[in-house]
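J.: Next comes the sequence, and after it the predicted model I'd like to discuss.
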Amino acid sequence: MPAHAADPTVRLTCGQALVRYLQVQHSERDGEERRAVPALFGIYGHGNVLGIGQAMRQEGAELPFYQPKNEQAMVHTAMGYAKATRRLATLACSASIGPGATNLLTGAATATVNRLPVLLLPADTFASRRQGPVLQQLEHPVEADTTVNDAFRPLSRFFDRVSRPEQLLTALPQAMRVLLDPAETGAVTVSLHQDVLGEAFDYPQRFFEKRVWTVHRRPPVDAETAAAVAAIGAARRPLVIAGGGVRHSAAEAALEALARRFGIPVAETSAGKGAIEPGPFAVGGLGVNGTRAANALAEQADVVICVGTRLTDFTTGSHSLFQHPDVRFVGVNVNAADAHKVGAIPVVADAREALDALAAALAAVSYRTSDEYRSEIAERQDDWRRVLTADSDPDGTVPPRQAQALRTINETVRPGDWVVAAAGYQPGDLLKLWETTLGSFTHIEFGFSCMGHEIPAGMGIRMAIGDDAGEVLVVIGDGTYLMNPTELVTAAQEGINVTVVVLDNGGYQSISHLALGKSGETEGNEFRVRGTDGRAPTGDPIQVDFAANAESMGAHAIEATTVEELRAALEQARAMPWPVVVVCRTDPHGALPDSGAFWDLGVTEVAEEAEARRVADEHLRVRAERQRLL
């Protein structure tokens, strides 16, 4: 912000000014105002303990400090918080120089890929250079000003490096602008030289006045709406793909109204799971992890209305799912690049505003789908339900199949509850079978499918919704649990109530299943001791006591061996006001029925093993047969 000579000033260090500024930033949408950055997570090292630590002590009366156990985890916590607040608020994340900073990188990528706002404040080198290379500094041979924090540049939607304290006057408003812009948001990184954090400047006092950032709902342009309606109005087999943008925009009611009024089926992406309630036009997840009902309808759809989705390869079956010879796309997205994907007719607008406009225009031309198409939608849903029922109904199997365990968890859900998943079998299986019932919510992070995201993201959701809201159910496999269980310590330390359900199948079984299907071998994905030939872990299974591990970190642990015990454990956990880990062993080979969608992979075209050659040849044959959207 521009300063004038007559403006009153206050002398603060760069770190103190940063903390004071964050406390007065607010967001507003539809008349609802909230703190934009209500807390700071941080792990202190020599790069930030003085500049940020002292500033928090002096200036942070309204900016609570939380102590995570891993830098990557605090970014995932911020993502969960942002998802639960529909991208209207997030958390700040402070890390020290070097490995502390680079531990944030995976979280930064996850946030940017998922279009979720996080504010990253990694410490950096000395701007003055007076003491020579500092501890944990990278010395680049030809770029003397390069530090490891430059790795944030491609992973951030906005990056700035503060090398003078007065640079906060421009860096922080730009950071807030991007964080709260639905079209641009993602990871925002402000790199802070550690010496500059302690340097003082006379800041204008008005820089620290309350600021409210209005998150506007961009309306659609009339011409774009008209072009979209012309395409939809001529469609006999339309399909909506509901992405995360529907959830971020709070456009669920508008989507439901459009689907029911005009008889258009709605398929969901992972980020869009829960965008529409179970009902006659909710056909489930789309793509590789989706339902056969949604994929069968997508294959013959003549117009596909893509709302708030970036159309990843899992969603589109690697661009091979849509086989109608004259298929056309309508792209509804606040981000113009996403709206134009696959040659779509773009409607660059807020999802709720665009859906309302499309509904009004379709009503004006008396559009509705045929009774025959509606009957087909119902038949497709019924057929898929029968397949799922056969796979998920309890039959006394011990250990239960994964579908049986997930169905049992789903049956315990109440209004206000959240389910969280990100990697392994869980995100795909939840997209296939989970019913996001009225008043409940789903957070499936599959844009980056980041193992270790789930527990901290669940914590962030709990922080956002409060202790009086419903249950936060984090559903993960044993492989993901081992990636990042340490935030259970933070949850216990802060009394953050989450229930973590660990489905133990003895390894990275989703990838094991994939490898078996595409190469004929599990390729070292099960948790076993080293085999007798010494080449890979192919010997006897190892046993991990997940319950004991969870209890050692402050959580209460419950073990379940049957679906009945799992149901009882979940009810017990609901009554506990602290973190609980429920461990349930599941059949390692109990994968859900496939979706019928193709997924392109880098298969091995030359191999000595006959089975590896056979499955690769089959994959290449299907790839050649499928029409692709290029």
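T.: Great, that's in hand. Residues are numbered from 1 along each chain as shown.

J.: Check what contacts the lowest-mean-pLDDT helix or strand in the chain and list those residues.
T.: Taking mean pLDDT, DSSP states H and E as the measure, helix 509-519 is the helix or strand of the chain with the lowest mean score, a mean of 83. Contacts of helix 509-519 with the rest of the structure, by Cβ atoms under 8 Å, 6 or more residues apart in numbering, involve 424-425, 428, 477, 479, 521-523, 525-526, 588-589, 591, 601, 603-604, 607, 611-612, 615-616, 619. Where C-beta positions appear, they are placed from N, C-alpha and C, glycine not excepted.

J.: Strands - which of the residues you listed land there?
T.: Among those, the members found in strands (DSSP state E) are Gly477.

J.: Now intersect the contacts of helix 509-519 with the helices, please.
T.: Using DSSP state H, the members of the contacts of helix 509-519 that fall in helices are 425, 428, 479, 611-612, 615-616, 619.

J.: And the pLDDT at Ser94?
T.: The model reports Ser94 with a pLDDT of 98.

J.: Now it. Its backbone dihedrals?
T.: Dihedral pair for Ser94: phi -110, psi 130, per degrees, to the nearest 10.

J.: count of neighbours near the residue nearest to it when sequence neighbours are not counted?
T.: With sequence-adjacent residues excluded and distances taken as Cβ to Cβ, 6 or more residues apart in numbering, Ser94 is closest to Gly42, at 3.5 Å. Neighbour count for Gly42, taken as other Cβ atoms under 10 Å: 23.

J.: got a list of what Gly42 touches?
T.: By Cβ under 8 Å, 6+ apart, Gly42 lies in contact with 48, 52, 65-68, 74, 93-95.

J.: Is it possible to mark the buried ones in the contacts of helix 509-519?
T.: Among the contacts of helix 509-519, those classed as buried by 16 or more other Cβ atoms under 10 Å are 424-425, 428, 477, 479, 522, 525-526, 588, 591, 603, 612, 615-616, 619.

J.: Now stretch 171-184: buried residues?
T.: 171-173, 175-176, 178-184.

J.: Pick out the most distant pair among the residues you listed.
T.: Pairwise distances across the buried residues of stretch 171-184 (Cβ to Cβ) peak at 21.3 Å, for the pair Ala171 and Pro182.

J.: any low-confidence regions in the protein?
T.: Along the chain, segments meeting pLDDT under 70 span 1-5, 627-630.

J.: any idea how it splits into domains?
T.: Using automatic domain parsing, the domain parsing of the chain gives 9-214, 222-383, 393-506+541-585.

J.: which ones are touching Glu611?
T.: Contacts of Glu611 (Cβ under 8 Å, 6+ apart): 519-520.

J.: Actually, Val288.
T.: 313-314, 317-318, 428, 595, 597-599.

J.: The residues you listed in helices, which ones?
T.: Short answer: these in helices (DSSP H) are 313-314, 428.

J.: Which stretches in the stretch 1-150 of the chain count as helices?
T.: For the stretch 1-150 of the chain, the helices defined by DSSP state H, counting those that start in this stretch cover 14-22, 54-59, 71-84, 99-102, 105-113.
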